[in-house]
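**Q** Predicted model follows, preceded by the sequence.
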There are 2 protein chains.
Amino acid sequence: MVNTLYLPELREMLAENNADEMREFCTALHPARTAEFMEGLTADEAWRVLQHADAETREEIFGYFDEDKQLEILESQDRQEIAGLVAEMPPDDRVDLLQEADDTIVEEILPLLPTDERRDYLRLREYPEGVAGAVMTTEVAKLGDGLTVKQALEELGRQAEELETIYYLYVVDETDHLRGVVSARQLVSAMTHPETRLGELMETDVAAANVLDDQEEVAQKVARFDLLAIPVVDDEHRMLGIITHDDVIDVMREEATEDAHRIAAVNPLEESYMKTPVFTLSWKRGVWLTILFVFALLTAFALQHFETDIQSYTWLVLFIPLVISSGGNTGNQSATLIITAMATKDIELRDWLLVVRRELATGLLLGGFLALIGFVAAIILTQEVVPSVVVAVTLVLVVICGTLFGSVLPLMFKRLGLDPALMSSPFVAGIIDILGIVIYMRVALLLMSMTDGGVPDPNPVETSSLFFFR
Amino acid sequence: MVNTLYLPELREMLAENNADEMREFCTALHPARTAEFMEGLTADEAWRVLQHADAETREEIFGYFDEDKQLEILESQDRQEIAGLVAEMPPDDRVDLLQEADDTIVEEILPLLPTDERRDYLRLREYPEGVAGAVMTTEVAKLGDGLTVKQALEELGRQAEELETIYYLYVVDETDHLRGVVSARQLVSAMTHPETRLGELMETDVAAANVLDDQEEVAQKVARFDLLAIPVVDDEHRMLGIITHDDVIDVMREEATEDAHRIAAVNPLEESYMKTPVFTLSWKRGVWLTILFVFALLTAFALQHFETDIQSYTWLVLFIPLVISSGGNTGNQSATLIITAMATKDIELRDWLLVVRRELATGLLLGGFLALIGFVAAIILTQEVVPSVVVAVTLVLVVICGTLFGSVLPLMFKRLGLDPALMSSPFVAGIIDILGIVIYMRVALLLMSMTDGGVPDPNPVETSSLFFFR
């Protein structure tokens, strides 16, 4: 929802070019809220308002604009001024934004950036998406272990404005190898002994991420250790940057959405739903939809196999959708439960036997209950006992198949080193569809043969009418 | 995976009762890692090892045990010692643990707690699950605005050990009303002017949560403002506690899992999958499975309506599962995309028309493609053109229905103030199942009547063999 509360006042300030009021507006509130009140402005107007903030506040407010507006401003305004803004941005956000921007504009801005920022950008953008290096920021407090508490506090006071987090001080040797960490909390506690050296104070057992670690694993590590930030190191344990708590929250959100999409058989989108072009969206859905479709096609061939039986007992047709969707829904439930439980480490591979037992029991309970309703419904529809028994027995078996395949397949894919969320859902659905048909037909033939004497009636229409068509 | 690396050493230390080594073990590593190495120990053994840590470290390591082991220790060890441990715990974790524990044991422990901790517990446990009050902690730095930077730093140094976060100092008046916030960063920057008063330094525009706000909303606010913690206030803006970044991560994880479960038509579990009894699990799945089953039953009645047509054209049966699952899968994709996009605020209600247009276009593309494959498959199966055209046309229509209902229903439920994740998935699946059958039959009858002259053959078996059965 666009916040239009201050829009008239803002437009008035712009019309009157009221510098004082605009400056006041830029600094009075939390930058996130200021950005929110500016949502209704055009890129031009927003940029004109921001002229009245100092470089740092300008960048902060800009950081809370949505990406579209950021890009519009970046691509439309004076290159030199934009370069100043980009230089102020946190290194990780800078990379994210420039990667979205038009390449020719990036080429124009780059030479205008200070050397350090330019080099930093060129290095960071080399990391592939989804690894720690692509999320980290390079603005971090690195100090030598010989510093005293007093010196460290002074140093921190000088740098506090520029750093993304001051809550951990990382202690490194001369060649940037990570040696330990001192939290701001420890530093503050130690203020009574200002001559203590960081080397005595620091924790040497530091949880760190490799620069090429998967971002999801890093986020999980931060969550497990309740950290505010995690240092990112290279293979030689040289410190390259940190990933802060706000980036971790973004990563966790992103991954949860991706998992939900995978479970629904959609290839994860690189951008948000609204920004993904329809054609890309169709492609990402079409791939899996086609695989699912091929599975469903197999049901047609399976049904063809039973064509004469279906002709003999036409009532069989009525319950085909019921059987298939009961199996599919149960399988979908099981797969989602298992996949989410594995994602939160509630289930490990070694628990597989217990999981299978639990799912078997659940399947019996659920199948039994649905069979009961199905039996009653079939009695109403067919007014015959045998078809109703067929439906009931089939439902129990199909629901159990649903719980078993829904739980075993994700475990299996995990065991094979594949993403369980990515692979399970289409396979569970496909396998259950085909199995459902086969079970249904086999149960029907078996029970009919027990009651009919095993010989399908030579006159199918009349036989079927016996059971169902009046 | 249980970490068994140090298990032999730990068992040896216990056997020899080697106090020095156990003390060393408790303090050498990050408490999370120490807890990990102790996973393989029994509750008794773990507690004996923890005896060698000071009260604070003991609580920290204990905090990283999984809940089962925490409960086992709580319920099996000496009450007086356990009360000492519980008194050390952060107030929010204390409430979570005691709520899981056996009531009679809690009654025995409560009188042994210090008065402050006991009162705090009794107050916190009154908040219903899922609101800010139930997640907050009460250990927070509240200071008066008359304090100087120097005094604040000293005060912080004294309290740092006990506080859950020292990264924000909240400024309150004499009756605890929240007036502003000073970040540790600001405090450190201001160290060069130690006589500045907090009142001059503080931000007065503080993002806060009401104690009865939904935890998901609070988590989103923290994420939006990139906060490390958010203060929790009552209706009079009196400060009651804070919610810290690690709790926010837990809340976001919990909510993502709940949404995934709802999308798969499982009522959210209160506990993890492995801890939920099979009977509870079956109940939480059975409720929605039954609703879905009733929808699927309607397909049986719909098919009964077309019984004579199916007898006339038996090939119709072959593609029933294909039609239903294509619609269902497409609907599931759309619903999941829309639900997750609404959860991350990518889509707002006002975007509904744009969403519908996009989904319509996607449906056309996907439906067209699947129709093409379906047509070829139907030609192979039936060796007839008309049935293949029926299948192709039906697929286009059913897939479009899938994208439309899959996108409109979540938006509609949101508009009605219902949880889109909770409601959409069963309704989308159910409606598409029935619609799929009706569309399929209507298209078949229409096209057959155009080619047959509208009169079903009086001899159904022979007519159908015309089309399909050889």
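**A** Okay, I see it. Being a predicted model, the structure only gives us computed values, none of them experimental. Residues are numbered from 1 along each chain as shown, chains lettered A, B, ... in the order given.

**Q** quick one: contacts for the most centrally placed residue in chain A?
**A** Nearest to the mean C-alpha position of chain A, by CA atoms, centre = their mean, lies A:E255 at 2.2 Å. A:E255 sits next to A:Q215, A:E216, A:A219 when contact means CB atoms under 8 Å, 6 or more residues apart in numbering or on different chains. (Glycine included, C-beta is placed from N, CA and C.)

**Q** For the first one, give me its contacts.
**A** It stands for A:Q215. A:G130, A:V131, A:A132, A:A134, A:V135, A:V251, A:E255.

**Q** I'd say the third one and A:E216 touch.
**A** Right, the one you point to is A:A132. No: using CB atoms under 8 Å, A:A132 is not in contact with A:E216, being 10.3 Å away.

**Q** Between those two, which is the more surrounded one?
**A** A:A132 (29 against 17; other CB atoms under 10 Å in any protein chain shown).

**Q** one step back: from the contacts of A:E255, which has minimum pLDDT?
**A** Across these, the smallest pLDDT goes to A:E216, namely 86.

**Q** Helix, strand or coil: sort out the residue nearest to that one when sequence neighbours are not counted for me.
**A** Leaving aside its sequence neighbours, A:E216 sits nearest to A:E255 (CB to CB, 6 or more residues apart in numbering or on different chains; 4.8 Å). Recorded secondary structure, A:E255: helix (DSSP: H, G, I helix; E, B strand; the rest coil).

**Q** So, low pLDDT: which residues of chain A?
**A** For chain A, the stretches flagged by pLDDT under 70 are A:1-3, A:161-162, A:164, A:422-424, A:426, A:452-470.

**Q** Looking at it, which helix is longest?
**A** The longest helix of chain A (DSSP state H) is helix A:420-452.

**Q** May I see the buried residues of that one?
**A** Neighbour counts over helix A:420-452 (16 or more other CB atoms under 10 Å in any protein chain shown) mark A:420-441, A:443-445, A:447-448, A:452 as buried.

**Q** so how far is the one helix or strand A:I324 maps to off the chain centroid?
**A** Applying DSSP states H and E as the criterion places A:I324 in helix A:320-343. On the basis of CA atoms, centre = their mean, to the nearest Å, helix A:320-343 sits 20 Å off its chain's mean C-alpha point.

**Q** following it, which helix or strand shows up next?
**A** helix A:352-382.

**Q** Mind checking if that following helix is in reach of chain B?
**A** Yes: on the criterion CB under 8 Å from any CB of the partner chain, helix A:352-382 is in touch with chain B at A:L354, A:R358, A:A361, A:T362, A:L365, A:L366, A:F369, A:L370, A:I373, A:G374, A:A377, A:L381.

**Q** After that helix, which helix or strand is next?
**A** Following helix A:352-382 in sequence order, the next helix or strand is helix A:385-415 (DSSP H and E).

**Q** Output the contacting helices and strands for that following helix.
**A** Using 3 or more CB pairs under 8 Å, 6 or more residues apart in numbering or on different chains; DSSP states H and E, the elements in contact with helix A:385-415 are helix A:320-343, helix A:352-382, helix A:420-452.

**Q** Using a markdown table, please lay out these together with distance to A:G241.
**A** Below are the helices and strands packed on helix A:385-415 laid out as a markdown table (distance: least, CB to CB, whole Å):
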| stretch | distance to A:G241 |
| --- | --- |
| helix A:320-343 | 26 |
| helix A:352-382 | 39 |
| helix A:420-452 | 29 |
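
**Q** CA-only coordinates of stretch A:254-271 in CSV, if you can.
**A** Presented in CSV, the C-alpha positions along stretch A:254-271 are these (Å, rounded to 0.1, in the frame of the first residue of the first chain):
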residue,chain,number,x,y,z
GLU,A,254,14.2,-16.1,0.2
GLU,A,255,14.9,-19.8,0.9
ALA,A,256,11.5,-20.4,2.6
THR,A,257,9.8,-19.0,-0.5
GLU,A,258,12.0,-21.0,-2.8
ASP,A,259,11.2,-24.2,-0.9
ALA,A,260,7.4,-23.5,-1.1
HIS,A,261,7.7,-22.9,-4.8
ARG,A,262,9.7,-26.2,-5.3
ILE,A,263,7.1,-28.1,-3.3
ALA,A,264,4.4,-26.7,-5.6
ALA,A,265,6.6,-27.8,-8.6
VAL,A,266,7.6,-24.3,-9.7
ASN,A,267,11.3,-23.7,-10.4
PRO,A,268,12.4,-20.9,-8.0
LEU,A,269,12.1,-17.4,-9.5
GLU,A,270,15.2,-15.2,-9.5
GLU,A,271,13.0,-12.2,-9.0
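
**Q** buried set for that stretch?
**A** Per 16+ other CB under 10 Å, stretch A:254-271 contains these buried residues: A:254-267, A:269.

**Q** Could you find which two of these are furthest from each other?
**A** Within the buried residues of stretch A:254-271, A:E254 and A:A265 form the most distant pair, 18.7 Å apart (CB to CB).

**Q** Could you give the number of residues near A:D205?
**A** Count around A:D205 with other CB under 10 Å applied: 12.

**Q** got a list of what it touches?
**A** Per CB under 8 Å, 6+ apart, neighbours of A:D205: B:A28, B:L29, B:H30, B:R33.

**Q** Number of residues surrounding the last one?
**A** Right, the one you point to is B:R33. 17.

**Q** and if you look at the first one?
**A** Using other CB under 10 Å, the number of residues around B:A28 comes to 11.

**Q** Also A:L409?
**A** When neighbours are counted by other CB under 10 Å, A:L409 comes out with 24.

**Q** wait, doesn't it sit right on A:F427?
**A** Yes: contact status for A:L409 versus A:F427: in contact at 5.5 Å, counting by CB under 8 Å.

**Q** any residues in contact with both of those two?
**A** Counting by CB under 8 Å, 6+ apart, nothing touches both A:L409 and A:F427.

**Q** Break chain A into its domains for me.
**A** A:7-126, A:142-261, A:275-467 (automatic domain parsing).

**Q** Pull up the distance across stretch A:341-359, start to finish.
**A** 14 Å (CA to CA, to the nearest Å).
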